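S.K.: mind looking at a prediction? Sequence and model below.
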Amino acid sequence: MANLKVHITFPEEKIKEPIIYEVGKKYQIVTNVRRADVNEKTGWVDLELTGDVSVIEEAVQWMKQRGVKVDPIERNIIE
Amino acid sequence: MNKMKGLVCKECKKAYPAEAIHVCEFCFGPLEVAYNYDAIRSVISKEKIQQGPKSLWRYKDLLPIEGEPTAGLNAGFTPMIHAKNLGRILGLDRLYLKNDTVNCLTLSFKDRVVAVALTRAKELGFDTVACASTGNLANSVSAHAAESGLRCFVFIPSDLEAGKILGNLVYKPNVVAVEGNYDDVNRLCSEVAGEYPWAFVNINIRPYYSEGSKTLAYETMEYLDWQAPDHVVVPIASGSLLTKIYKGFHEFESLGLVGPVVTKIHGAQAEGCSPVAEAFKEKRDFIKPVKPKTIAKSLAIGNPADGFYAVKVARESGGLIESVSDEAVVQGMMLLAQKEGIFAETAGGVTIAVLKKLAEQGVFKRDESVVAYITGNGLKTQEAIAPSVGAPWLIQPSLMSFQEALKKSDALKEEGDR
């Protein structure tokens, strides 16, 4: 089992969509919200994903395709 | 004296041992170093600092290492100048520039953070250091790793300019050019950091690394005869530098080394990558990630880790965060070079352009002390300014040809003056 910590940013038009619920249902992964700030305009969620490495990878790609920004928990590392 | 208590989460305040970790296991917030200030207060003094080495290690009582420094022994203690020429133009009698363009070993403020990171990495038993970078950080990690005899990995995007790659290769690190877009490279580095037992300076060593930036504040106060300035202007990339300068001022205040600190901390970004300035202006508590498009590449961080904290510091201190166009950045670089003889990289142009903007807005009073931080050397970003610097006079090898060119130049100058 692998574990990935990600920082997800929701643009305004995606705020209402239950993307975290959907990703957990569609893929065999456990989603665990650790910290979040969501309002009617935008929002972010610090999320832990647990599951097989390849499934986590697919899940991340799927979330990106759904229009949310998925970054490592450290956000931008390249300085 | 045990000056380090350990690490603490900036959000939920959970305590951790002083190891190579950077994220709180509970809330995923960032970790930072917690100090035992009572112990530090009992040993630190102005006299002790003044008798210390002419490097950032004169402040080692306030830096997160346990023993003696072993890397970057000449980092920091860069010149601070009273910028009278530039001050005259901006209507400031007490304008100062902190000149990290001549920092050692690699001509940028990154030498400060890397000196601390590598010393701590060695204390923690690492034999390999790494970073992900497109410029100054890679240079500094590569050079300091070479000096320390550490194995080094530098991750860069594969489309990085040849000149910048060469600047790293010369130190013989393992340069890994990653194919893919910025986000792909970024994510890979996070995964590599989680997989290998290496000291990734800006990931698992980040709590220690970032503390090196505080020394810019310490040196500023020492130069100003143990006073904090009224204003500072700081470039923002990840936002860490700005928050650590603020922390540095307030540490000296709480240790009684300076009087009350009322310094307004102003931040500077380029319009092409200004997620922190936008959050500040829109009074938001969160950062909206952006895709950077600016010549100020050393500040081009679209989703900055410490952006939120930078906004908070600017607000709390009564400062502002402004952004400027790329054209203004080039003008800022030229102004700094032509009035003070400092050739800064594009980040310096951003800082000077924002300084000028704030001065024009009347943010500073003429007699207030204002410090601008110039964080990197212009020789590293020559391409940004090449179209704007003009060309040399081309003459024949005769006195007459020179005199003709001189006459032409004088005439052009007179026309310009009129």
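M.R.: Now that the structure is in, tell me what you want to look at. Numbering: from 1, shown residues only, chains lettered A, B, ... in the order given.

S.K.: which residues of chain B fall in strands?
M.R.: Under the criterion DSSP state E, chain B contains strands at B:4-9, B:15-16, B:31-35, B:80-82, B:94-99, B:128-132, B:151-157, B:174-178, B:199-200, B:231-235, B:264-270, B:321-324, B:369-374.

S.K.: helices of chain A, residue ranges please.
M.R.: Assignment of helices within chain A using DSSP state H yields the ranges A:19-26, A:53-65.

S.K.: before we move on, what about the stretch 151-300 of chain B?
M.R.: B:162-169, B:182-195, B:206-209, B:214-223, B:240-254, B:275-281 (DSSP state H, counting those that start in this stretch).

S.K.: residue 57: neighbour count?
M.R.: No chain in the question, so chain A it is. By the measure other CB atoms under 10 Å in any protein chain shown, the count of residues near residue A:57 is 15. In this view, the C-beta of every residue, glycine as well, is placed from N, C-alpha and C.

S.K.: let's do chain B instead
M.R.: Residue B:57 has 22 nearby residues by other CB under 10 Å.

S.K.: which non-adjacent residue is nearest it?
M.R.: Using CB to CB, 6 or more residues apart in numbering or on different chains and skipping the chain neighbours, the partner closest in space to residue B:57 is residue B:69 (4.7 Å).

S.K.: what's the neighbour count on the one you found?
M.R.: Residue B:69 has 20 neighbours, counted by other CB under 10 Å.

S.K.: break chain B into its domains for me.
M.R.: B:1-43, B:80-107+B:211-387, B:125-204 (automatic domain parsing).

S.K.: now distance to residue A:40 too, for these, in a markdown table please.
M.R.: Converted to a markdown table, the domains of chain B look like this (distance: least, CB to CB, whole Å):
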| stretch | distance to residue A:40 |
| --- | --- |
| domain B:1-43 | 23 |
| domain B:80-107+B:211-387 | 13 |
| domain B:125-204 | 27 |
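
S.K.: let me know which of the ones you listed is tucked in deepest.
M.R.: Most buried of these by mean neighbour count (mean count of other CB atoms under 10 Å in any protein chain shown) is domain B:80-107+B:211-387; its value is a mean of 22.

S.K.: coming back round to it: can you check which of the strands of chain B gets nearest to residue B:222?
M.R.: Among the strands of chain B, the nearest to residue B:222 by CB to CB is strand B:80-82 (9.1 Å).

S.K.: by mean pLDDT, flag the weakest helix or strand of chain B.
M.R.: helix B:162-169 (a mean of 83; mean pLDDT, DSSP states H and E).

S.K.: which other helices and strands contact that one?
M.R.: helix B:136-148, strand B:151-157, strand B:174-178 (3 or more CB pairs under 8 Å, 6 or more residues apart in numbering or on different chains; DSSP states H and E).

S.K.: got the angle between that helix and strand B:151-157?
M.R.: With axes from the mean of the first three to the mean of the last three CA atoms, to 10 degrees defining the directions, helix B:162-169 sits at 170 degrees from strand B:151-157.

S.K.: residues from the stretch 301-418 of chain B in reach of chain A?
M.R.: Counting by CB under 8 Å from any CB of the partner chain, the positions of the stretch 301-418 of chain B adjacent to chain A are B:301-305.

S.K.: let me have those residues in JSON lines, extended by distance to residue A:63 and pLDDT.
M.R.: JSON lines is the format used below for those (distance: CB to CB, whole Å; pLDDT from 0 to 100):
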{"residue": "B:301", "distance to residue A:63": "22", "pLDDT": "93"}
{"residue": "B:302", "distance to residue A:63": "18", "pLDDT": "93"}
{"residue": "B:303", "distance to residue A:63": "15", "pLDDT": "93"}
{"residue": "B:304", "distance to residue A:63": "21", "pLDDT": "95"}
{"residue": "B:305", "distance to residue A:63": "20", "pLDDT": "93"}
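
S.K.: hmm, which two among those are most spread apart?
M.R.: Most distant of these, by CB to CB, are B:302 and B:305, 11.4 Å apart.

S.K.: which residues do those two both contact?
M.R.: Taking CB atoms under 8 Å, 6 or more residues apart in numbering or on different chains as the criterion, residue B:302 and residue B:305 both touch residue A:76.

S.K.: looking at the domains of chain B, which is closest to residue B:56?
M.R.: Here domain B:80-107+B:211-387 is closest among those (CB to CB), at 4.0 Å.

S.K.: got the contact list for residue B:323?
M.R.: By CB under 8 Å, 6+ apart, the neighbours of residue B:323 are B:268-271, B:274, B:277-278, B:354.

S.K.: from the residues you listed, which two are the most distant?
M.R.: So, the contacts of residue B:323 by CB to CB: farthest apart are B:278 and B:354, at 14.3 Å.
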